[in-house]
Every structure is written in C-alpha cells, then in structure tokens.
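Chemist: Next input, structure requested:
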Amino acid sequence: MNRHEKGRRLRWASWIGLWAVFAVGILDSPPISGQPVEETDRGTAGGDTLVAQLVSISWLDSLPGGSPPPHRNGDTLRVETAWDRADLNVSAIGLNQISSVNDTVPLANLGEGLYLLDLVIPDPNPGVGDGRKTFSFVATTPTGVDTTVTENRLCLTNTPPQAVTSSLVPDRTIFQAVDLLSLSSFWTTATGLDLEVFLDVSAVDTSLIDPLLPATLSEETGRWEIDYTIPSAPDRRGPDNQDLPLVWVGRDSGCGVTRDTSHVIVLDHSVLTSPTLLSWDQLSPVDNGVPRALRDGDTVRLLTRWDRDSLAVSADFSEVAPGDTSRAVVVRRAPAEYEVIYTLPEFSPRPDGSGLRVGLAAEGPVGAVGIDRSVSLCLSNHVPVHLESRIITSPAIYRGGDSLRIVTRWTTESGLDLKVGARFDALEPALGDSIWPGDIEGDSVVIRFEIPSIRDERGADGSAIQIPIVAQENGGCSRAIFDQVFIALDTSPPDTIGPVLDMLPSQTFEDSIFVSGVTTPEADLVNLQRGRTDRLSTVVDSVTGRFGAMLALTPNEINLITANAEDELGNRTSSSEPMFVRQVSTLRITFPSPFPRNEEISVQDPRGMNDLTLAIYDLEGALARRWQPSGRVLEFNTVWDGDDEVGGRARQGYYLVRATWRDSEGRLREETEGLILAN
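Modeler: You can find the predicted model right below:
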C-alpha cells in the first residue's frame, strides 16, 4: 500500500470514528481507547478549532501481536503514530522515565498524518532503572489547539532475573505417575526489585489452566522451593518417552521475565519402580525441640517423606518392642509425606539399646512395593547413676606439664557396660567436645590427663576450672554428666600494666589525682601506690582491662606514683615505671631572688590556666621576653637566660614578671611579681 492510499484510509477511518488500536505495553498495558485524551487549548473565534484525533499507534520492531518488546539501554525506541491531520506538530514528553531526557522530543513528520518517534536510549542511562515506563504524545494544530495522549507504556529491562543454580530431587531423569519432585533454585535480580519465581509444568501436566506454579522462598537457605507431583490420570500427563521440560520462570517487579530450562524429564510407565524413602524426622518424643531416646510408654511420631504420593504406608516396630501386637497408625500429612504414630508398651521386655531399626513398607498405586529399614531409634529406660568422683593427690594449684588423675565410680540398671571419660577442653581447647577415656581399675575408672606445657595449646588460667565427667552406655544411648569437679590453674601472671596519669583539671584536685590505665582482662586488681606507704587497690574491668581511681597526693611536693596488677590467684606483675607528679595548691609566680641568669621561672594555678601568656617587662613597660604555652595547664615552668626577645643581653636591674590567662569560666586573670636580674 503506497503512502497516498494509506492517507485516504486514515482520513476515512477518522470520519467514521473508527479507532484501530495496537497494544502499547506489555503485561498490564491498557489499550489506546482507554487512554486520556485532553484538549489544552480550544483556539480563538473564527480560527481552526478542530481537535486532532489519534487514529493508531504502531510499535515498530514489535513483538507478535503489536506489543513493544522489553527495551534495554542502547536500544532504539521507534513508535509510529497516525493522526487524522497532516498539519500537526507532534511531540513526546515524559521521556525522562526512559532516557533521562527532560526536554520535549519532536516526532518526525512522515506526511499524510504519520509521525515517528525515533529515540536512541542512552547506554549508560543515568538515573533510570528497570521497570514499566510511561510517556505522552502531544499534537498541536497550527492554531495552537493541543491534544494529549497519555499512559503510553513500555518496559525497560537491563538486568532481568537470572537463575544461578537449580536442583531436582530425586536426581534422575525417568519418572512415573504420582512421583514427587522436589525442585529448588537460586536467583539474582536487580537491586531494589522484588522477585516472583514460578515453575512451568505445562509440558508434564497438560490439563492445567495456569501451568505456572508459584515457588516459595526459603528464608533459611535463600532458595526458591516447590514440590510437584506428576499427575496420576493418563489423560492429564504428557506423553511417555519424550523430553518434557520443567521451566523455571523468574519475574521481577519491574518487567523483567526470564525462563530457565534446567531440568528435562522423561515419563516411562512401561517399567515399574518401587517407592523410595527420601528422608524422615522424629517429631516426638523431643526435649527442647531435639529428639530424645525412647522410654517405655512413649508415643513415637515419625514424619516420612517419599519420592511419590498415593502410597499405602505401614510400619514394623518389632525390633523396638518385641512381641507387641499393636500396630502403628499412618496418616498422610501432605503430598508424599506420611506420619507414622506408634506407642511403646508400658513394660517392654526389650533391654536398652541403640540402632533399633523400624521397618517401613510403601505400596504404590500400580502395585510396586518399597521396603526401607534406614530408620533407627534408641531405647533408654535407665540412665547411668553417679556414685563418686575425686581428684587424687591434687596440688592446690596446677601448672603446665602437671599430671591430673581423677577417680570416678558409676552404676546402671540397664545391664549395659558404661564408657566413662572426661572433657578437658577447658585445659586444652583443641580437644573440643571429645571425651577423654578412662581406664577401669576394680570398681572405679581412673582418668589421667597431662596439662599442656606449651602456652598456646593451653586454656586460660582460673581458680575454678570445670572438668565434666561423662558416662555413656556401651551399646545404648543413655548418658549422664557429673559437673562438680574443679581445679585451679595458674601458669602465668597477667601482662605488665600500662598506667596513664590524667592531668586534666577536671580530674585533678588540690590533694588528689585521677590515675587510669589499661592491663589485660586476666588481671583482677590494680594496686596504686604513692611513695612507700599510701596504697589503693581498684578493680579491673573484666572485658576491657581498664582501671581508674583517685589517689591522694602531698601538695607542693614531688609525688612518686607506681602501679602493679594481680590476678585472682594472687600473681602480680612487676611495678610500672615510676611517675613523678608535682601537685599545685596555690596561685603563685616563683623564681629566685635576686634572679641569676639561666634559672627557672614558674607560674601555677590549681584551677587551671587557659591561653597563658608569661611576659617580662622593664620599668618603662618595654617587653623583654615572652612565653605562650598552648592548651590548658596547671603549672608552667621555663628558663630565662637573661636575653631579650631579639637575642640581646638584658641589663642588670629591676623587671616585672606578668602572667595573664583565662580561668575555667573564661574570665581574664592577671598576676605580677617583681624580679631583680643579677649580673
């Protein structure tokens, strides 16, 4: 059809009001007939007031059916719009959702009412993510009458969902009716987008209206999981001996869709296979959610999971309870899941034991029978009883390389022998939860252990290290623990202390100072000492090893401060390096009088001095020398060599020493003393 013939048809279509509409989006895109068309200007009196009408939209390079394909960055967006007039200016607006273009984009006029949007989506495309995007067309007549067509939709998908791994249980390719398939897969998707995952079983189950079965996301594993049972009715199943795909479908909340054919199965009903037990769990009896050994009178509940559904399942507990004629009850709980319920007799002749097998039988709908004896239980009516445990010739404190001997006695009514040992992981962490065995001597068990000599192989020192004694039935499953055996281990003192003196005025007083520091958490106390007599002990933080305390000082004298740390066993570190502190008690400026050259000038204030300036002036007010220490100080000491600011020798005579500073409240303070400079 040539361009003129197309124009005649378009004008004819506009006269009869026929709207030929193609789909303008994917998934949930509405048709053009449902899109808002608004007039933004009716024109002036006597002018052209006819409103332009949109006849059709064609998505070039479209999918079958006329809908636009999902676009990616770098693609060309080509949309042809057909209007009932050829004298329009047609533009696209709102394209910033697609290409980060904020300006109006004019459409190319192809003539005869056809206008083409031809836009290259940039790559990279800053600020635009995956999702459904909308934009509008605006057609303007020569007299300024606007027509707007909104909600034109397309899909932008640069990072569609991706299937990373998938698995099928049982791991085989040939299946039959009522077989249970457990499938799981792991997916990734663009950041910020939600994900839905389905399994398309249309090739296997031909009767489903919607063959997309939703998978469930496991919070524990992060995998999508689904169980599927092959239909039992022949008219619902796919054909035998053909490859039938099971297709994973990932769909994000934008518009990305990915289909992944990771599994292809074959149906074959010519050879019967027996049902297979896949897994089982003991639902009761349990303690705090953990299955425990059985006792007479208990009700056992087992959840069995098979490779197919529609089974007749039975159980044989004769090895657990010989001679019992009662039968187990079996209840179907879910597809291919059957719960087995059995109550033990109150008084069973069966002695305690482990590895007692339960026989399971499952018959399929076509007669094949599967037998399984992998389920094993434990019977324990008699727990080992502790009689005595003691340490032989124990020293007050053990050290690396010492030998430890423990004598223990146990008994049981189960008729089974006992294995007795101890856990020494507190003394040698590399042993973990393993049981160190003992030797039978008469009616007792003697456990011998040597404490590691190498420090890195040994546990931490302590005054009450627990050594659990464990008794386990040999051939049974009962065990008991005696946890009242303790020893003291002392192999090294705490690390050397590192005290810190804090001289900030807020932590210093006229007669005391705050002493703080860090030692290892192994230390229990820190001893602070001033001189030879005054001593103070303070507790160490057990986590950080920090300590701190106020220590009394003798004002206006040199105070010597030392510290050491000790652990709970009384081991002490050597003393720290001594620190000398001179505590200030009065406001004063001091220096020798008369003042010889190269002597010290001192200014001090127990309340602290900020922005201190210490200056020397002659009697005429001329500056001779000046010092300005930084920060806040309690005491400032300096040596004056008798030279002035420029290095000249000051004359002998009378000078003024003046200190100015700001106190803790910000007020300006000043103190002046006279100084006689000698030769």
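Chemist: what's the following helix or strand after the strand ranked longest in the chain?
Modeler: Ranked by number of residues, the top strand in the chain under DSSP state E is strand 599-618. Using DSSP states H and E, the helix or strand that follows strand 599-618 in sequence is strand 623-627.
Chemist: next one: the longest strand of the chain to chain centre, how far?
Modeler: Computed by Cα atoms, centre = their mean, to the nearest Å, the chain-centroid distance of strand 599-618 equals 57 Å.
Chemist: Strand 623-627 and that strand, what's the angle between them?
Modeler: Angle, strand 599-618 to strand 623-627, by axes from the mean of the first three to the mean of the last three Cα atoms, to 10 degrees: 140 degrees.
Chemist: buried sites along strand 599-618?
Modeler: For strand 599-618, burial by neighbour count (16 or more other Cβ atoms under 10 Å) applies to 601, 603-606, 608-609, 612, 614-618. Using the backbone N, CA and C atoms, a C-beta is placed for each residue, glycine as well.
Chemist: cool, stretch 315-329 as well?
Modeler: Using 16+ other Cβ under 10 Å as the test for burial, stretch 315-329 gives 315-317, 319-321, 324, 328.
Chemist: Ala523: which of those residues is nearest?
Modeler: Val320 (56.8 Å; Cβ to Cβ).
Chemist: Can you lay out the buried residues of strand 599-618 as JSON lines showing pLDDT?
Modeler: Shown next, in JSON lines, are these (pLDDT from 0 to 100):
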{"residue": "Ile601", "pLDDT": "93"}
{"residue": "Val603", "pLDDT": "89"}
{"residue": "Gln604", "pLDDT": "83"}
{"residue": "Asp605", "pLDDT": "80"}
{"residue": "Pro606", "pLDDT": "72"}
{"residue": "Gly608", "pLDDT": "79"}
{"residue": "Met609", "pLDDT": "88"}
{"residue": "Leu612", "pLDDT": "94"}
{"residue": "Leu614", "pLDDT": "96"}
{"residue": "Ala615", "pLDDT": "96"}
{"residue": "Ile616", "pLDDT": "94"}
{"residue": "Tyr617", "pLDDT": "94"}
{"residue": "Asp618", "pLDDT": "91"}
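Chemist: tell me which of those residues is nearest to Val470?
Modeler: For the buried residues of strand 599-618, the nearest to Val470 is Gly608 (63.9 Å; Cβ to Cβ).
Chemist: and the closest one, how far is that from Trp661?
Modeler: Separation of Gly608 from Trp661 (Cβ to Cβ, to the nearest Å): 9 Å.
Chemist: Repeat that for Ile616.
Modeler: 16 Å.
Chemist: do Ile230 as well
Modeler: Here Ile230 is placed at a distance of 92 Å from Trp661 (Cβ to Cβ).
Chemist: Break the chain down into its domains, please.
Modeler: 3-156, 162-267, 277-379, 385-489, 498-582, 588-677 (automatic domain parsing).
Chemist: Check whether Asp605 really touches Phe636, as I assumed.
Modeler: No: at 9.4 Å, Asp605 and Phe636 do not qualify as touching, with contact defined as Cβ atoms under 8 Å.
Chemist: so where is the stretch 451-600 of the chain shaky, pLDDT-wise?
Modeler: 493-511, 556, 580-586 (pLDDT under 70).
Chemist: Okay, strands next: where are they in it?
Modeler: Assigned by DSSP state E, counting those that start in this stretch, the strands in the stretch 451-600 of the chain fall at 462-466, 469-473, 479-482, 486-489, 498-502, 508-509, 512-518, 525-530, 534-539, 546-552, 558-566, 579-582, 588-590, 599-618.
Chemist: helices or strands up against the third one?
Modeler: Translated: strand 479-482. Counting contacts by 3 or more Cβ pairs under 8 Å, 6 or more residues apart in numbering; DSSP states H and E, strand 479-482 packs against strand 385-391, strand 469-473.
Chemist: Now it: buried residues?
Modeler: 479-480, 482.
Chemist: which one of those residues is nearest Gly364?
Modeler: Set against Gly364, the nearest of these by Cβ to Cβ is Arg479 (41.2 Å).
Chemist: What residues are bridge-paired with that closest one?
Modeler: With DSSP bridges as the criterion, Arg479 is bridged to Gln472.
Chemist: Now do it against Asp417, distance only.
Modeler: Distance of Arg479 to Asp417, computed by Cβ to Cβ: 13 Å.
Chemist: what residue ranges in the chain score low on pLDDT?
Modeler: For the chain (pLDDT under 70), the answer is 1-49, 366, 493-511, 556, 580-586.
Chemist: give the contact list for the spatially closest residue to Ala549 that is not a sequence neighbour.
Modeler: Nearest residue to Ala549, sequence neighbours excluded (Cβ to Cβ, 6 or more residues apart in numbering): Thr538, at 4.0 Å. Residues near Thr538 by Cβ atoms under 8 Å, 6 or more residues apart in numbering: 525-526, 528, 547-549.
Chemist: could you redo the last one with a cut-off of 6 Å?
Modeler: 526, 547, 549 (Cβ atoms under 6 Å, 6 or more residues apart in numbering).
Chemist: what's the burial count for the nearest residue to the first one once chain neighbours are set aside?
Modeler: The one in question is Val526. Computed as Cβ to Cβ, 6+ apart, the closest residue to Val526 that is not its neighbour in sequence is Phe547, at 4.4 Å. Look at Phe547: counted by other Cβ atoms under 10 Å, it has 24 neighbours.
Chemist: so what's Phe547 bridging to?
Modeler: Beta bridges link Phe547 to Gly517 when assigned by DSSP bridges.
Chemist: I'd say it and Val540 touch.
Modeler: Yes: taking contacts as Cβ atoms under 6 Å, Phe547 lies within contact range of Val540: 4.9 Å.
Chemist: where do the contact lists of those two overlap?
Modeler: What both Phe547 and Val540 touch, as defined by Cβ under 6 Å, 6+ apart, is the set Val526.
Chemist: quick revisit: could you dump the helices and strands packed on strand 479-482 into CSV and include mean neighbour count and distance to Ile371?
Modeler: Output for those, formatted as CSV (neighbours: other Cβ atoms under 10 Å; distance: least, Cβ to Cβ, whole Å):
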stretch, mean neighbour count, distance to Ile371
strand 385-391, 14, 40
strand 469-473, 23, 30
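Chemist: Distance to Glu337 for these - can I get that in CSV?
Modeler: Formatted as CSV, the helices and strands packed on strand 479-482 follow (distance: least, Cβ to Cβ, whole Å):
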stretch, distance to Glu337
strand 385-391, 41
strand 469-473, 33
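Chemist: quick one: which of these is nearest Leu246?
Modeler: Of all those, it is strand 469-473 that lies closest to Leu246, at 47.7 Å by Cβ to Cβ.
Chemist: so the closest one versus strand 385-391, what angle?
Modeler: Between the axes of strand 469-473 and strand 385-391, defined by the same axes, to 10 degrees, the angle is 140 degrees.
Chemist: What is strand 469-473 packed up against?
Modeler: Strand 469-473 is packed against strand 418-422, strand 479-482, with contacts defined by 3 or more Cβ pairs under 6 Å, 6 or more residues apart in numbering; DSSP states H and E.
Chemist: Redo those as JSON lines? Include distance to Val164.
Modeler: Formatted as JSON lines, the helices and strands packed on strand 469-473 follow (distance: least, Cβ to Cβ, whole Å):
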{"stretch": "strand 418-422", "distance to Val164": "46"}
{"stretch": "strand 479-482", "distance to Val164": "43"}
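Chemist: circling back to that earlier point, contacts only, for the residue nearest to Val526.
Modeler: Contact partners of Phe547, counting by Cβ under 6 Å, 6+ apart, are 526, 538, 540.
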